[in-house]
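[1] Sequence isn't available, so here's the structure alone:
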């Protein structure tokens, strides 16, 4: 009797020491085995039995497997030291850009370059360089441009010209009207003058402004002064003209403009500045375009031997940045 009781107690202790859970396997003959399921696959089930030890049962002889979820033993509460309060880090002061950096923000610029070199019976070299940068917001618009032209044939220079201009425009919200001020410096070795300064103040009117078409008229007054000419007096002038920008397609655009400057001191005399250009974006290179354009300046009063028209046809690559 004592031996039977000891054997039963040992079996109970072995079962309890096998784990905290008791899984159960039901065989096809409805027999049940309890223990810990160590492995379960499509081919077999491995059971750790408290008495029979490790059993590997073929899957086809197993009717069902019931696994008891293991209850996690709650961890003993630990006393944590109270963390020290974090020191607040003062944020860095916001960057304050200077007036020059603020002025240059949001400018769109482009550089144009064209050159022609021909050798043979006649040696020719033509150079065309231009830089233009613009910016615009709801209140104002800036436009700066500068260009240089040089033509040479058999060592003889026929064109040597430089120009630079700046235009500032004050815009009015929800109004087609604007006010502008502009100035320009010209140098031309083969004109009636060597250098010329001009400036004007006037009003602009935005006649059409859509995503594809932009047409603007301008009217104003100003003055010009020539250096190195027979007449170096200040010439008061009127100003009237228009500018057109047409976005033909996603990759093509056309722009043109004409401005006339009547001489108020000598009625009937005037100068007329016109330009037109077609620009096509190159799909193979980002921010590079091909530009073909014409420029002409007509001056009604020139020195003897100097042509009234200064006409130029050019082509160039445009690099945007």
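    Cool, the structure landed. Since the model is a prediction, treat every value here as computed from it, not as a measurement.

[2] CA atoms for contacts and neighbours, from now on please.
    Fine.

[3] Secondary structure class of residue 60, three-state.
    What DSSP: H, G, I helix; E, B strand; the rest coil gives for residue 60 is helix.

[4] List the contacts of it.
    43, 44 (C-alpha atoms under 8 Å, 6 or more residues apart in numbering).

[5] roughly how far apart are it and residue 23?
    19 Å (C-alpha to C-alpha, to the nearest Å).

[6] ok, now residue 58?
    Residue 58 is 17 Å from residue 23, by C-alpha to C-alpha.

[7] out of those two, which sits in the more crowded spot?
    Neighbour count, other C-alpha atoms under 10 Å: between residue 58 and residue 23, residue 23 has more, with 18 against 13.

[8] got the contact list for the more buried one?
    Residues near residue 23 by C-alpha under 8 Å, 6+ apart: 34, 35, 36, 37, 65, 66, 67, 68.

[9] Name the residues linked to the residue lying closest to the first one once chain neighbours are set aside by a beta bridge.
    It stands for residue 34. Sequence neighbours aside, residue 24 is the residue nearest to residue 34 in space, at 4.4 Å (criterion: C-alpha to C-alpha, 6 or more residues apart in numbering). In this entry, residue 24 is beta-bridged to residue 34, residue 66, by DSSP bridges.

[10] Which pLDDT value belongs to residue 24?
    We have a pLDDT of 86 for residue 24.

[11] Equivalent analysis for the one 4 residues further on, please.
    Turning to residue 28, the model gives it a pLDDT of 82.

[12] so who does it touch?
    Contacts of residue 28 by C-alpha under 8 Å, 6+ apart are 61, 62, 63.

[13] Same list, those, but as CSV with pLDDT and neighbour count please.
    Below are those laid out as CSV (pLDDT from 0 to 100; neighbours: other C-alpha atoms under 10 Å):
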residue, pLDDT, neighbour count
61, 83, 13
62, 83, 18
63, 83, 14
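
[14] mean confidence for the helix or strand containing residue 111?
    Using DSSP states H and E, residue 111 sits in strand 108-118. Taken as a whole, strand 108-118 has a mean pLDDT of 89.

[15] got a list of contacts for that strand?
    Contact with strand 108-118 is made by 123-135, 314-321, as judged by C-alpha under 8 Å, 6+ apart.

[16] can we see that at 10 Å?
    Here strand 108-118 makes contact (C-alpha atoms under 10 Å, 6 or more residues apart in numbering) with 123-136, 143-153, 287-291, 314-321.

[17] rewinding a little: of the contacts of residue 23, buried ones?
    34, 35, 36, 37, 65 (16 or more other C-alpha atoms under 10 Å).

[18] quick one: secondary structure of the third one?
    Here residue 36 takes the strand state, with states given by three-state DSSP.

[19] pLDDT wise, what is it at?
    Listed pLDDT for residue 36 reads 84.

[20] unless I'm mixing things up, it is touching residue 46, no?
    Yes. Between residue 36 and residue 46 there is a contact under C-alpha atoms under 10 Å: 8.6 Å.

[21] joint contacts of those two?
    Joint contacts of residue 36 and residue 46 (C-alpha under 10 Å, 6+ apart) are residue 54.

[22] Which elements pack onto the helix or strand hosting residue 135?
    According to DSSP H and E, residue 135 maps onto strand 124-136. With contacts taken as 3 or more C-alpha pairs under 10 Å, 6 or more residues apart in numbering; DSSP states H and E, strand 124-136 sits against helix 99-104, strand 108-118, strand 140-153, strand 156-171, strand 309-320.

[23] tell me how far the last one is from the chain's mean position?
    Here strand 309-320 is found 26 Å from its chain centre; the criterion is C-alpha atoms, centre = their mean, to the nearest Å.

[24] Mind listing what's buried along it?
    314, 315, 316, 317, 318, 319.

[25] and what of stretch 266-279?
    270, 271, 272, 273, 274, 275, 276, 277, 278, 279.

[26] Show the average pLDDT along it.
    Stretch 266-279 comes out at a mean pLDDT of 96.

[27] Centre of the chain to that stretch, how far?
    Worked out by C-alpha atoms, centre = their mean, stretch 266-279 lies 35 Å from the chain centre.

[28] Number the chain from 46, please
    Let's use 46 as the start, then, which means that last one is stretch 311-324.

[29] okay, now the domains of this structure?
    As assigned by automatic domain parsing, the chain contains the domains 47-111, 144-365.
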